[in-house]
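**Q** Any chance you could fold what I've pasted below:
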Amino acid sequence: MDIIISNSSGEPIYQQISQQIKAQIMSGELKEGDLLPSMRNLAVELRISVITTKRAYEDLEREGFIESYTGKGSFVKAQNAELLREEGLRQTEELLQKACEKAVLCNVSLEELKEILELVYAESVGEK
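**A** Numbers count the residues shown, from 1 in each chain. Predicted structure coming up:
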């Protein structure tokens with residue numbers, strides 16, 4: 001499992017871990033029943049505190065992405081399609097909020113922003 005930690009992101013390390021694991025689950029890279037590295041092994045691999053990995057795993061479990069069993073480990077939980085869609089929508093809204101804030105700072109009109117979004121979206125889905 002590839003997780004990249006950035007000390008300059010301004011985001012807590014445990015959130016970086018949980019977001020990257022969520023993204024791997026949502027993309028299908030991690031599938032239902034896959035065993036995650038132990039909290040200790042992940043901490044050693046990333047050269048961070050086991051408390052940090054514990055917090056990331058606890059967040060993932062609380063949000064319904066993984067389930068943990070004492071003595072067995074943490075596994076990717078069967079995903080509810082609606083939960084995955086809702087998480088994707090939440091992440092999209094967050095990114096669009098940042099894009100809107102930047103557009104306002106640069107005096108980009110709503111019409112220009114819509115046009116940019118339509119072009120970017122069409123490119124993303126392979127339309128010309």
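
**Q** Tell me which residue is most central in the protein.
**A** Within the chain, the residue whose C-alpha comes closest to the C-alpha centroid is Gln19; the distance, by CA atoms, centre = their mean, is 3.0 Å.

**Q** Show me what secondary structure element comes after the helix or strand hosting that one.
**A** Assigned by DSSP states H and E, Gln19 belongs to helix 13-27. The element immediately downstream of helix 13-27 (helix or strand, assigned by DSSP H and E) is helix 39-46.

**Q** Show me what whichever strand or helix holds Glu101 is packed against.
**A** Per DSSP H and E: Glu101 is located in helix 81-105. Using 3 or more CB pairs under 8 Å, 6 or more residues apart in numbering; DSSP states H and E as the contact criterion, the neighbours of helix 81-105 among helices and strands are helix 13-27, helix 110-124. From N, CA and C alone the C-beta is placed, and that goes for glycine too.

**Q** in the helix or strand of the chain with the lowest mean pLDDT, what's buried?
**A** The helix or strand with the lowest mean pLDDT-type score in the chain, counting by mean pLDDT, DSSP states H and E, is helix 81-105 (a mean of 90). By neighbour count, with 16 or more other CB atoms under 10 Å as the criterion, the buried positions of helix 81-105 are 84, 87, 103.

**Q** For Val120, state which of those residues is nearest.
**A** Minimum distance to Val120 across the buried residues of helix 81-105 is 12.7 Å, recorded for Ala103 (CB to CB).

**Q** For the closest residue to that closest one other than its chain neighbours, which residues are in contact?
**A** With CB to CB, 6 or more residues apart in numbering as the measure, Leu113 is the residue that lies nearest to Ala103, at 4.9 Å, once sequence neighbours are left out. Contacts were defined as CB atoms under 8 Å, 6 or more residues apart in numbering; by that measure Leu113 touches 99-100, 103.

**Q** Count the residues that sit near Ile17.
**A** Burial of Ile17 is recorded as 24 neighbouring residues (other CB atoms under 10 Å).

**Q** Verify the contact between it and Ile4 for me.
**A** No. The criterion here is CB atoms under 8 Å, and Ile17 misses it with Ile4 at 9.9 Å.

**Q** Mind splitting this protein into its structural domains?
**A** The record's domain split for the chain, according to automatic domain parsing, is 13-76, 81-124.
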